[in-house]
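Peer 1: Pasting a predicted model and its sequence here:
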Amino acid sequence: MTGRLIVLDGIDGCGKSTQLQRLADWLPGSGLMPEGSGLICTREPGGTALGQAVRQLLLHTAADQAPCARAELLLYAADRAQHVDTLIRPALERGDWVLSDRFAGSTLAYQGYGRGLDAALIQQLERIATAGLIPDLTFWLALPVTESIRRRHGLEEDRIEAEGRPFLERVAAGFETLASQRDWCRINADRASMDVTSSLEQVLHQRFA
Ligand code: TMP
(Lines give C-alpha, C1' and ligand atoms only; values in the text may rest on other atoms or scores of the structure.)
Protein backbone atom coordinates (compact mmCIF):
# COMPACT_ATOMS: atom_id res chain seq x y z
CA MET A 1 0.00 0.00 0.00
CA THR A 2 1.41 3.35 -0.98
CA GLY A 3 -1.11 5.81 0.46
CA ARG A 4 -1.06 7.20 3.98
CA LEU A 5 -3.59 6.93 6.78
CA ILE A 6 -3.53 9.89 9.17
CA VAL A 7 -5.86 9.92 12.17
CA LEU A 8 -6.99 12.74 14.45
CA ASP A 9 -8.27 11.65 17.82
CA GLY A 10 -9.11 13.07 21.22
CA ILE A 11 -11.99 13.85 23.58
CA ASP A 12 -15.13 15.63 22.41
CA GLY A 13 -14.55 19.32 21.75
CA CYS A 14 -10.81 18.97 21.07
CA GLY A 15 -11.23 20.49 17.59
CA LYS A 16 -10.51 17.39 15.45
CA SER A 17 -13.12 18.16 12.84
CA THR A 18 -11.98 21.77 12.32
CA GLN A 19 -8.35 20.70 12.13
CA LEU A 20 -9.15 17.89 9.73
CA GLN A 21 -10.85 20.37 7.41
CA ARG A 22 -7.84 22.70 7.58
CA LEU A 23 -5.44 19.87 6.78
CA ALA A 24 -7.67 18.80 3.91
CA ASP A 25 -7.36 22.32 2.44
CA TRP A 26 -3.61 22.48 3.04
CA LEU A 27 -2.32 19.00 2.16
CA PRO A 28 -2.91 18.98 -1.63
CA GLY A 29 -0.70 22.06 -2.05
CA SER A 30 1.81 21.13 0.65
CA GLY A 31 4.14 19.21 -1.64
CA LEU A 32 3.89 16.18 0.64
CA MET A 33 1.49 14.11 -1.42
CA PRO A 34 2.84 12.37 -4.53
CA GLU A 35 1.54 13.75 -7.80
CA GLY A 36 -1.76 12.14 -8.82
CA SER A 37 -2.71 10.88 -5.37
CA GLY A 38 -6.10 11.88 -4.03
CA LEU A 39 -7.15 12.91 -0.54
CA ILE A 40 -10.10 11.40 1.28
CA CYS A 41 -11.60 12.83 4.45
CA THR A 42 -13.63 10.48 6.54
CA ARG A 43 -14.72 9.75 10.08
CA GLU A 44 -15.74 7.11 12.60
CA PRO A 45 -18.42 6.27 13.21
CA GLY A 46 -20.14 7.03 9.92
CA GLY A 47 -17.56 7.00 7.11
CA THR A 48 -19.66 4.69 4.92
CA ALA A 49 -23.38 4.40 4.15
CA LEU A 50 -23.64 1.44 6.52
CA GLY A 51 -21.60 3.39 9.04
CA GLN A 52 -24.07 6.28 8.88
CA ALA A 53 -26.84 3.96 9.97
CA VAL A 54 -24.62 2.53 12.71
CA ARG A 55 -23.76 6.07 13.86
CA GLN A 56 -27.43 6.83 14.21
CA LEU A 57 -27.95 3.68 16.31
CA LEU A 58 -24.94 4.47 18.47
CA LEU A 59 -25.44 8.14 19.17
CA HIS A 60 -29.07 9.02 18.69
CA THR A 61 -31.20 6.19 20.08
CA ALA A 62 -33.66 6.95 22.85
CA ALA A 63 -32.29 6.27 26.33
CA ASP A 64 -34.58 3.27 26.87
CA GLN A 65 -33.37 1.68 23.61
CA ALA A 66 -29.67 2.48 23.97
CA PRO A 67 -27.21 -0.32 23.20
CA CYS A 68 -25.64 -2.00 26.22
CA ALA A 69 -21.87 -1.57 26.62
CA ARG A 70 -20.96 -4.76 24.70
CA ALA A 71 -23.42 -4.00 21.91
CA GLU A 72 -21.94 -0.50 21.70
CA LEU A 73 -18.44 -1.98 21.41
CA LEU A 74 -19.54 -4.34 18.63
CA LEU A 75 -21.31 -1.57 16.73
CA TYR A 76 -18.17 0.60 16.72
CA ALA A 77 -16.22 -2.44 15.54
CA ALA A 78 -18.76 -3.13 12.76
CA ASP A 79 -18.57 0.47 11.60
CA ARG A 80 -14.76 0.20 11.53
CA ALA A 81 -14.66 -3.11 9.65
CA GLN A 82 -16.88 -1.70 6.91
CA HIS A 83 -14.88 1.53 6.86
CA VAL A 84 -11.54 -0.25 6.52
CA ASP A 85 -12.65 -2.80 3.93
CA THR A 86 -14.76 -0.63 1.65
CA LEU A 87 -13.20 2.82 1.94
CA ILE A 88 -9.82 3.11 3.66
CA ARG A 89 -7.92 0.09 2.34
CA PRO A 90 -9.02 0.55 -1.29
CA ALA A 91 -8.00 4.22 -1.07
CA LEU A 92 -4.56 3.36 0.32
CA GLU A 93 -4.10 0.70 -2.35
CA ARG A 94 -4.79 3.34 -5.03
CA GLY A 95 -2.11 5.50 -3.42
CA ASP A 96 -4.52 8.03 -1.95
CA TRP A 97 -4.11 9.72 1.42
CA VAL A 98 -6.83 9.31 4.00
CA LEU A 99 -7.57 11.69 6.86
CA SER A 100 -9.81 10.09 9.46
CA ASP A 101 -11.63 11.84 12.29
CA ARG A 102 -11.17 9.05 14.92
CA PHE A 103 -10.12 5.41 14.48
CA ALA A 104 -9.46 2.36 16.68
CA GLY A 105 -7.83 4.39 19.48
CA SER A 106 -11.22 5.92 20.28
CA THR A 107 -12.63 2.50 21.11
CA LEU A 108 -9.79 1.77 23.53
CA ALA A 109 -10.27 5.18 25.15
CA TYR A 110 -14.10 5.33 25.30
CA GLN A 111 -15.20 1.71 25.59
CA GLY A 112 -12.01 0.56 27.38
CA TYR A 113 -11.12 3.35 29.80
CA GLY A 114 -14.54 5.06 29.75
CA ARG A 115 -16.86 2.06 30.03
CA GLY A 116 -14.36 -0.26 31.69
CA LEU A 117 -14.65 -3.07 29.12
CA ASP A 118 -11.81 -5.57 29.01
CA ALA A 119 -8.75 -4.19 27.16
CA ALA A 120 -7.70 -7.59 25.79
CA LEU A 121 -11.18 -8.13 24.33
CA ILE A 122 -11.11 -4.70 22.72
CA GLN A 123 -7.68 -5.33 21.22
CA GLN A 124 -8.87 -8.64 19.80
CA LEU A 125 -11.84 -6.88 18.23
CA GLU A 126 -9.55 -4.13 16.96
CA ARG A 127 -7.53 -6.76 15.06
CA ILE A 128 -10.73 -8.15 13.55
CA ALA A 129 -12.16 -4.74 12.63
CA THR A 130 -8.97 -3.27 11.17
CA ALA A 131 -7.67 -6.54 9.69
CA GLY A 132 -4.26 -5.37 10.90
CA LEU A 133 -4.36 -1.91 9.34
CA ILE A 134 -2.38 0.56 11.46
CA PRO A 135 -2.42 4.34 10.81
CA ASP A 136 0.81 5.88 9.51
CA LEU A 137 0.32 8.68 12.01
CA THR A 138 -2.14 9.30 14.83
CA PHE A 139 -2.47 12.78 16.29
CA TRP A 140 -3.85 13.02 19.79
CA LEU A 141 -5.34 16.49 20.30
CA ALA A 142 -4.90 16.86 24.05
CA LEU A 143 -7.47 19.03 25.82
CA PRO A 144 -8.31 19.39 29.55
CA VAL A 145 -11.74 18.02 30.44
CA THR A 146 -12.85 21.39 31.86
CA GLU A 147 -12.11 23.03 28.52
CA SER A 148 -13.94 20.27 26.62
CA ILE A 149 -17.03 20.90 28.75
CA ARG A 150 -16.71 24.68 28.41
CA ARG A 151 -16.43 24.49 24.61
CA ARG A 152 -19.52 22.29 24.32
CA HIS A 153 -21.63 24.31 26.74
CA GLY A 154 -25.12 24.91 25.31
CA LEU A 155 -24.64 22.52 22.36
CA GLU A 156 -26.87 19.52 21.95
CA GLU A 157 -25.11 16.40 23.25
CA ASP A 158 -25.09 12.94 21.68
CA ARG A 159 -25.50 9.84 23.86
CA ILE A 160 -21.77 9.45 24.55
CA GLU A 161 -21.19 13.16 25.21
CA ALA A 162 -24.06 13.07 27.68
CA GLU A 163 -22.22 10.51 29.87
CA GLY A 164 -20.92 13.29 32.09
CA ARG A 165 -17.66 14.45 33.59
CA PRO A 166 -16.36 11.32 35.42
CA PHE A 167 -16.74 9.29 32.21
CA LEU A 168 -14.93 11.97 30.19
CA GLU A 169 -12.15 12.12 32.83
CA ARG A 170 -11.56 8.38 32.40
CA VAL A 171 -11.54 8.71 28.60
CA ALA A 172 -9.07 11.63 28.76
CA ALA A 173 -6.76 9.68 31.09
CA GLY A 174 -7.07 6.74 28.70
CA PHE A 175 -5.97 8.84 25.74
CA GLU A 176 -2.95 10.01 27.74
CA THR A 177 -1.87 6.43 28.53
CA LEU A 178 -2.57 5.16 25.03
CA ALA A 179 -0.65 8.03 23.42
CA SER A 180 2.55 6.99 25.16
CA GLN A 181 1.99 3.26 24.63
CA ARG A 182 1.19 3.61 20.96
CA ASP A 183 3.57 6.34 19.90
CA TRP A 184 0.84 8.81 19.00
CA CYS A 185 1.81 12.39 18.39
CA ARG A 186 0.54 14.62 21.20
CA ILE A 187 -0.63 18.06 20.13
CA ASN A 188 -1.71 20.61 22.72
CA ALA A 189 -5.23 21.59 21.59
CA ASP A 190 -5.81 24.08 24.42
CA ARG A 191 -4.74 27.15 22.39
CA ALA A 192 -5.69 29.20 19.35
CA SER A 193 -6.86 26.88 16.63
CA MET A 194 -4.49 28.34 14.00
CA ASP A 195 -1.56 27.49 16.30
CA VAL A 196 -2.83 23.92 16.53
CA THR A 197 -3.01 23.79 12.73
CA SER A 198 0.59 25.02 12.43
CA SER A 199 1.79 22.30 14.81
CA LEU A 200 -0.02 19.64 12.82
CA GLU A 201 1.46 20.88 9.54
CA GLN A 202 4.93 20.98 11.05
CA VAL A 203 4.71 17.37 12.21
CA LEU A 204 3.37 16.24 8.84
CA HIS A 205 6.36 17.89 7.19
CA GLN A 206 8.79 16.20 9.58
CA ARG A 207 7.20 12.79 9.04
CA PHE A 208 6.43 12.75 5.35
CA ALA A 209 8.62 15.29 3.52
P1 TMP B 1 -17.59 12.46 17.07
O2 TMP B 1 -18.46 13.33 17.91
O3 TMP B 1 -16.15 12.78 17.19
O4 TMP B 1 -18.07 12.33 15.69
O5 TMP B 1 -17.66 10.98 17.71
C6 TMP B 1 -18.83 10.41 18.03
C7 TMP B 1 -18.85 9.89 19.47
O8 TMP B 1 -18.56 8.50 19.45
C9 TMP B 1 -17.85 10.55 20.43
O10 TMP B 1 -18.52 10.91 21.61
C11 TMP B 1 -16.87 9.47 20.72
C12 TMP B 1 -17.62 8.19 20.46
N13 TMP B 1 -16.81 7.05 20.02
C14 TMP B 1 -16.67 5.95 20.87
O15 TMP B 1 -17.18 5.96 21.98
N16 TMP B 1 -15.95 4.88 20.42
C17 TMP B 1 -15.38 4.83 19.17
O18 TMP B 1 -14.74 3.83 18.81
C19 TMP B 1 -15.54 5.99 18.30
C20 TMP B 1 -14.94 5.95 16.94
C21 TMP B 1 -16.27 7.06 18.78
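Peer 2: That came through fine.
Peer 1: any idea how far the closest residue in space to L74 that isn't next to it in sequence lies from the ligand?
Peer 2: Among residues not flanking L74 along the chain, L125 sits closest, at 7.6 Å (CB to CB, 6 or more residues apart in numbering). All C-beta spots, glycine's among them, are computed from the backbone N, C-alpha and C. From L125 over to the ligand the distance is 10 Å, taken as CB to the nearest ligand atom, to the nearest Å.
Peer 1: Test my guess that R22 contacts S199.
Peer 2: No. If you go by CB atoms under 8 Å, R22 and S199 don't touch, sitting 11.5 Å apart.
Peer 1: related to what we said a few turns ago, look up the pLDDT of the residue nearest to L74 for me, please.
Peer 2: On the pLDDT scale, L125 is placed at 97.
Peer 1: which stretches of the protein form strands?
Peer 2: For the chain, applying DSSP state E gives strands covering 4-9, 39-43, 97-101, 137-142, 185-188.
Peer 1: Tell me the helices and strands packed up against the second one.
Peer 2: Helices and strands touching strand 39-43, by 3 or more CB pairs under 8 Å, 6 or more residues apart in numbering; DSSP states H and E, are helix 16-26, strand 97-101.
Peer 1: Identify, out of the ones you listed, the most deeply packed stretch.
Peer 2: Among the helices and strands packed on strand 39-43, strand 97-101 has the highest mean neighbour count (mean count of other CB atoms under 10 Å), at a mean of 22.
Peer 1: ok, the residue nearest to L74 - how many residues close by?
Peer 2: Neighbour count of L125, defined by other CB atoms under 10 Å: 21.
Peer 1: Let me see the contact set for it.
Peer 2: With contact set as CB atoms under 8 Å, 6 or more residues apart in numbering, L125 has these partners: L73, L74, A77, T107.
Peer 1: Which of those residues ranks first by neighbour count?
Peer 2: T107 (25 neighbours).
Peer 1: Contact partners for that residue?
Peer 2: L73, Y76, A77, R80, I122, L125, E126.
Peer 1: wait, the last one sits on A104?
Peer 2: Yes. With contacts defined as CB under 8 Å, E126 counts as touching A104 at a distance of 4.8 Å.
Peer 1: more neighbours, these two?
Peer 2: Per other CB under 10 Å, whichever of E126 and A104 has more neighbours is A104, with 26 against 20.
Peer 1: now that one: how far from the ligand?
Peer 2: Taking CB to the nearest ligand atom as the measure, A104 falls 7 Å from the ligand.
Peer 1: Report how many residues lie close to R70.
Peer 2: Neighbour tally, R70, other CB under 10 Å: 13.
Peer 1: Thought R115 was touching it, still the case?
Peer 2: No. Between R70 and R115 there is no contact under CB under 8 Å: 9.2 Å.
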